[in-house]
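1. Quick one, what's the 3D model for this:
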Amino acid sequence: MDRFRSMPIRPSTVLTGHVVDSVARNVVATAVVVEVAFLVGFRPVAGPLAWLAVAVAWLVAILLAARVLAEVLFRRRNRG
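-> Got it, this is the predicted structure:
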């Protein structure tokens with residue numbers, strides 16, 4: 001990290017690089033999981049719109065759970 005601080009680059013470049021790397025790695029991992037699922041016989045009967053609805057529902061559920069957890073932890077920390 002010290003090498004990056006001494007170079008003439010924007011500070012956001014390091015963060016952007018980490019995010020792009022993480023997204024690319026997750027896309028490859030997801031593709032591998034889906035391919036293996038197809039190889040072992042998984043055949044989805046739902047259409048793409050139904051899969052998108054399920055994905056959005058899971059995302060909303062995870063975000064709501066994280067929000068509730070953050071509120072609980074913040075209240076507990078400020079109480080004492």
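2. Return the backbone torsion pair for Val14.
-> Main-chain dihedrals, Val14, degrees, to the nearest 10: phi -70, psi -50.
3. Then Arg43?
-> Per degrees, to the nearest 10, the backbone of Arg43 is at phi -130, psi 110.
4. Show me the domain layout of the chain.
-> Domain segmentation of the chain under automatic domain parsing yields 1-43, 46-80.
5. Let's have those domains in a markdown table, adding mean neighbour count and mean pLDDT.
-> Glycine gets a C-beta too; all of them are placed from N, C-alpha and C. Formatted as a markdown table, the domains of the chain follow (neighbours: other CB atoms under 10 Å; pLDDT from 0 to 100):
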| stretch | mean neighbour count | mean pLDDT |
| --- | --- | --- |
| domain 1-43 | 9 | 88 |
| domain 46-80 | 10 | 89 |
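6. Spit out the contact partners of Leu52.
-> Applying CB atoms under 8 Å, 6 or more residues apart in numbering to Leu52 gives no contacts.
7. Which of the helices or strands spans it?
-> helix 48-79 (DSSP states H and E).
8. go on, Asn26?
-> Going by DSSP H and E, Asn26 is in helix 11-39.
9. roughly how far is that helix from the heart of the chain?
-> Relative to its chain's centre, helix 11-39 lies at 9 Å (CA atoms, centre = their mean, to the nearest Å).
10. same thing with stretch 69-77?
-> 22 Å.
11. for stretch 50-57, same thing?
-> On CA atoms, centre = their mean, the centre of stretch 50-57 falls 15 Å from the chain's centre.
12. Over to stretch 46-61?
-> Counting by CA atoms, centre = their mean, stretch 46-61 comes out at 15 Å from the chain centroid.
13. SS state for Ala46?
-> When classified by DSSP: H, G, I helix; E, B strand; the rest coil, Ala46 comes out as coil.
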